[in-house]
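Engineer: Build me a structure from this.
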Amino acid sequence: MEKSAPDFFDQDFWRVSEPLLHMEKRKMAFICSKGNLDMAYPALIMSIAALTEKVDVNIFFTFWGLDIITKRTMDSLKFTMQGNTALHLPLLEKFRPGWGKRYLPPSFGNLPGATHLATWYMNKMLEKNGIPPVRDLLEQIVEMGGHLWGCKMTVDLMELRQNMMFKGVSGIITAPDFIKKSEDAQIIFI
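Structural biologist: Take a look at the predicted model:
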C-alpha cells in the first residue's frame, strides 16, 4: 500500500506527540549573519514560535547580522535582489496573468532605485499581512525570555559598542561563549 503525504492542513498533524511532552527542556540557537530585511524575519519568527512552545532561545548576531540589532540600522534594513535567484513579485499578477510567478533576474537589482523599490514593496507586504517590524519582534523575543547576543569579534571589527545596540541585547560574547550557550541546542544558521 502506498504511503500518503502528510496533510499539513489537518490539525492533528501539528499536535505534539505524547513522548515529546516529557522531554528535557529544549533549546534552539540561531546564528544571524546577514542584515537584509528578508534574512531578519526567519530567525525572529522562528524564535517567537519556539519561545511560545517553552523552548530556550539564544540568537547570535555576527557580521552583517549585527545590523538587525544595531540602533542605527535596525529600523532601515534593506531588501536586495542581488543574489536572490527565486525572486518574483506576486503583485505583477494583477497586471497580467502569469507574471506573478515569473522570476526576476538577480541583475534586475542593479538598476537604480531597485533596492529602494524592493524594500518599499516588502515593507508594504509585511504591514498588509500584520507582520510587526523587526524592532517589535526583538522586543517580543526579549519579553518572552529569549536572549540576543552580539559577536565580540565582529563588534570589535566594526568598531561598535554595546550602547550602540538594541536595548534588549543580553551582551557581546565570543564565538566560543556562544558555542557553550548553544550546547545541546538545535542550531539554525541563517
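
Engineer: State the next helix or strand along the chain beyond the lowest-mean-pLDDT helix or strand in the chain.
Structural biologist: Lowest on mean pLDDT, DSSP states H and E among the helices and strands of the chain sits helix 114-128, with a mean of 87. Sequence-wise, the next helix or strand downstream of helix 114-128 (DSSP states H and E) is helix 134-143.

Engineer: Report the distance from that following helix to the chain centre.
Structural biologist: On the basis of Cα atoms, centre = their mean, to the nearest Å, helix 134-143 sits 12 Å off its chain's mean C-alpha point.

Engineer: And for stretch 181-190?
Structural biologist: Taking mean C-alpha positions (Cα atoms, centre = their mean), stretch 181-190 and its chain are 15 Å apart.

Engineer: just to revisit the earlier point, show residues contacting the least confident helix or strand of the chain.
Structural biologist: Outside helix 114-128, the residues within contact range by Cβ atoms under 8 Å, 6 or more residues apart in numbering are 37-38, 41, 77-81, 89, 91, 108-109, 133. C-beta here means a position set from N, CA and C on the backbone, and glycine is covered the same way.

Engineer: which of the residues you listed sit farthest apart?
Structural biologist: The widest separation within the contacts of helix 114-128, taken as Cβ to Cβ, falls between Phe108 and Pro133 and amounts to 25.7 Å.

Engineer: quick one: the helices in the protein?
Structural biologist: Along the chain, counting by DSSP state H, helices occupy 37-52, 114-128, 134-143, 152-157, 175-181.

Engineer: Can you tell me which of the ones you listed is most buried?
Structural biologist: When those are scored by mean count of other Cβ atoms under 10 Å, the highest mean neighbour count falls to helix 37-52 (a mean of 19).

Engineer: I would like the residues contacting it, please.
Structural biologist: By Cβ under 8 Å, 6+ apart, the list of residues contacting helix 37-52 from outside reads 26, 28, 30, 32, 57, 59, 65, 68, 77-79, 84, 119, 122-123, 126, 131, 134, 137-138, 140-141, 144-146, 188, 190.

Engineer: Which one of the contacts of helix 114-128 sits in the busiest neighbourhood?
Structural biologist: Phe79 (23 neighbours; other Cβ atoms under 10 Å).
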